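> Build me a model:
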Amino acid sequence: MYQLFSLPLLQATAATGSSAMSIVMLVSIFAIFYFLLIRPQRKKEKERQAMIDAVKKDDKVTTIGGIIGIVTNIDNDKGTVTIKVDDNCKMKFTKSAVSSVVTDKDDVKGDEKTAVEKNGGGDKKKK
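Reported below is the predicted structural model:
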């Protein structure tokens, strides 16, 4: 008779332990998702927003569509940027359409590549 009453008590204790364990598992899964997916995405978005806010006149930019040009005008009220693509062509984009700002360092790397290709593979010591 003692065994009949103790069996439900043991099952209740086991059920409480398993529910606590499932809560711990859910919290740990959420923490993993936060640190691996959500947090890095927020960091990238903040960096992108800072880059867009730092765009100024005469910066060389690339748009999301792949158009490369020089910023000629910025209208912060409307959130637009006017980009000079060619001598006679200016295009107006939203500021969020700017995907990157091309720096002078990027241009120098391209010039160095062509100089290396012209020299036949770089600096080789002549013997």
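> Make sure I have this right: Gly69 is in a strand.
Yes - assessed by DSSP: H, G, I helix; E, B strand; the rest coil, Gly69 belongs to a strand.
> Can you give me the neighbour number for the nearest residue to it once chain neighbours are set aside?
Among residues not flanking Gly69 along the chain, Ile83 sits closest, at 3.8 Å (CB to CB, 6 or more residues apart in numbering). Placement of C-beta: from N, CA and C, glycine included. For Ile83, the neighbour count with other CB atoms under 10 Å is 23.
> Let me see the domain layout of the chain.
1-54, 56-104 (automatic domain parsing).
> Including mean pLDDT, could those go into JSON lines?
Output for the domains of the chain, formatted as JSON lines (pLDDT from 0 to 100):
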{"stretch": "domain 1-54", "mean pLDDT": "81"}
{"stretch": "domain 56-104", "mean pLDDT": "93"}
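> Just say which of these is most tucked in.
Counting by mean count of other CB atoms under 10 Å, domain 56-104 has the highest mean neighbour count of those, with a mean of 14.
> does the residue nearest to Gly69 sit in a helix, a strand or a coil?
strand.
> isn't it right next to Lys95, touching?
No - here Ile83 does not reach Lys95: they are 10.9 Å apart, not a contact under CB atoms under 8 Å.
> what ranges do the helices span in the protein?
For the chain, helices defined by DSSP state H occupy the ranges 2-33, 39-53, 104-119.
> Can you tell me what sits against the second one?
When contacts are defined by CB atoms under 8 Å, 6 or more residues apart in numbering, helix 39-53 is touched by residues Lys95, Ser96, Val98, Ser100, Val101.
> again, but for stretch 69-80
The contact list for stretch 69-80 (CB under 8 Å, 6+ apart) reads 55-61, 63, 81-85, 90-96.
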